[in-house]
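Visitor: What follows is a predicted structure for the sequence shown.
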Amino acid sequence: MELTREIYWNVGHSVLIPMYLLVAAAIGVLVWGIRKRLATYRLGQPLDRFDRREERFAGVLRDVFLQARVLRVKGAGTAHGLFFFGFVLLTIGTTLVFLQADILQPLFGVRFLKGGFYLLFSVVLDLAGLVGLVMLVGLAVRRYLVRPKDLPTVADNALMLILLLLIFVTGFLLEGARMAATELGTSLSWWSPAGLLCAQLFAGMEES
């Protein structure tokens, strides 16, 4: 069998219109939220943010993309850092799927998610999702079951945790359903270890 998978399996490209309408709505909400905060941001005094460019750029790489400050905090910092790295990898993977399925393949017939690159793509994203899910559960336990006294909690924290958990859990369930119908019993399934575990939930069921 070809080392790849069918993107938009069992839903087809008909899903694109509602999906991108939801994306547009999300971007609209984001812009609305930023505009609401602009008045608060303008209360700050002017400050030159373009001096010491090399130092500032190095700081962004160190503290944002490498999570250096966060990782200094043992336990919770490590969990936050691993969750961040997992989510970044999943974002990169989703962007690659978007580039192939929505732009390059329909317009130019180009497919790059195949062969050895697809196997690497599959195992990295699967493990990134698993790490992200485990870290998220751990952070939820820390916040609500063994919460330190100095850790403030508001309603938005719970909402964000629930939404993120839904993204991870439904993602794995959909992957498991797809694999049960198309990959279970093949060598390709071993390159998605977490998805393979979920696929066992659907093993033996009719595809429909």
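Guide: Noted; the coordinates are in hand. Numbers count the residues shown, from 1 in each chain.
Visitor: can you pull the buried residues of the lengthiest helix in the chain?
Guide: Ranked by residue count, the top helix of the chain under DSSP state H comes out as helix 115-144. Buried residues in helix 115-144, counted by 16 or more other C-beta atoms under 10 Å: 118-119, 121-122, 125-126, 128-136, 138-140, 143. For the C-beta atoms, the positions are set from N, CA and C on the backbone; glycine is no exception.
Visitor: quick one: the strands in this protein?
Guide: For the chain, applying DSSP state E gives no strands.
Visitor: What ranges does the protein have for its helices?
Guide: With DSSP H, the ranges of helices along the chain come out as 16-41, 53-60, 68-71, 76-98, 105-108, 115-144, 155-182, 193-199.
Visitor: what mean pLDDT would you report for the first one?
Guide: Mean pLDDT, taken over the full extent of helix 16-41, equals 95.
Visitor: next one: the third one
Guide: Across helix 68-71, the average pLDDT comes to 96.
Visitor: which secondary structure elements does it contact?
Guide: Here helix 68-71 touches helix 76-98, going by 3 or more C-beta pairs under 8 Å, 6 or more residues apart in numbering; DSSP states H and E.
Visitor: The helix it packs on versus helix 155-182: what angle between them?
Guide: Angle of helix 76-98 versus helix 155-182, following axes from the mean of the first three to the mean of the last three C-alpha atoms, to 10 degrees, is 50 degrees.
Visitor: All set now, cheers.
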